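Trainee: Next one to model:
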Amino acid sequence: MSAYCFFDVREVTDRDKMEEYKSRVFKTVADHGGRYVVLGGRVDAVEGEWKPVTPVLIEFPDMEAAYRWYNSEDYRELKELRLTATKGDAVFMEGPVAVA
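Mentor: This is a model prediction of the structure:
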């Protein structure tokens with residue numbers, strides 16, 4: 001079952017670090033079988049109070065692959081770079097789930 005990593009980058013606090021992150025992260029995602037589905041763009045909140053600022057959605061073959069990427073040695077330094085350069089949220093989700 002596919003898995004999705006959803007990041008909402010609410011604020012960039014260090015643009016130089018984010019530029020370095022962006023120049024290197026795409027290869028790590030691809031190397032772990034992932035692909036970007038959403039990378040920024042228009043967001044229209046139609047219900048509730050949640051208003052994503054910069055959405056990023058990455059698809060992996062399954063939850064195990066998503067965690068292998070997120071916890072991998074090749075992403076470790078980049079993750080720290082992102083965490084020190086931004087304020088945001090992240091969730092991992094499985095799907096799609098069959099509806100009977």
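Trainee: Can you give me the distance of Val29 to Glu49?
Mentor: 30 Å (CB to CB, to the nearest Å). In this view, the C-beta of every residue, glycine as well, is placed from N, C-alpha and C.
Trainee: So which of the two has more stuff around it?
Mentor: Counted by other CB atoms under 10 Å, Val29 and Glu49 do not tie: Val29 has more neighbours, with 19 against 5.
Trainee: what about the more buried one, which SS state?
Mentor: What DSSP: H, G, I helix; E, B strand; the rest coil gives for Val29 is helix.
Trainee: So for stretch 79-91, mean pLDDT?
Mentor: Mean pLDDT, stretch 79-91: 97.
Trainee: Now do it: distance to the chain's middle.
Mentor: What separates the centre of stretch 79-91 from the centre of its chain is 10 Å, taken as CA atoms, centre = their mean, to the nearest Å.
Trainee: and the helix or strand Glu59 falls within, which strands flank it?
Mentor: Under the criterion of DSSP states H and E, Glu59 resides in strand 55-60. Its sheet considered, strand 55-60 pairs with strand 3-12 (antiparallel), strand 35-39 (antiparallel) by DSSP bridges.
Trainee: Which elements pack onto the following helix or strand past that strand?
Mentor: Downstream of strand 55-60, the next assigned helix or strand under DSSP H and E is helix 63-70. Applying 3 or more CB pairs under 8 Å, 6 or more residues apart in numbering; DSSP states H and E, one finds that helix 63-70 contacts strand 3-12, strand 55-60, strand 86-94.
Trainee: Ok, which of those strands comes nearest Ser72?
Mentor: Closest to Ser72 of these, according to CB to CB: strand 55-60, at 11.9 Å.
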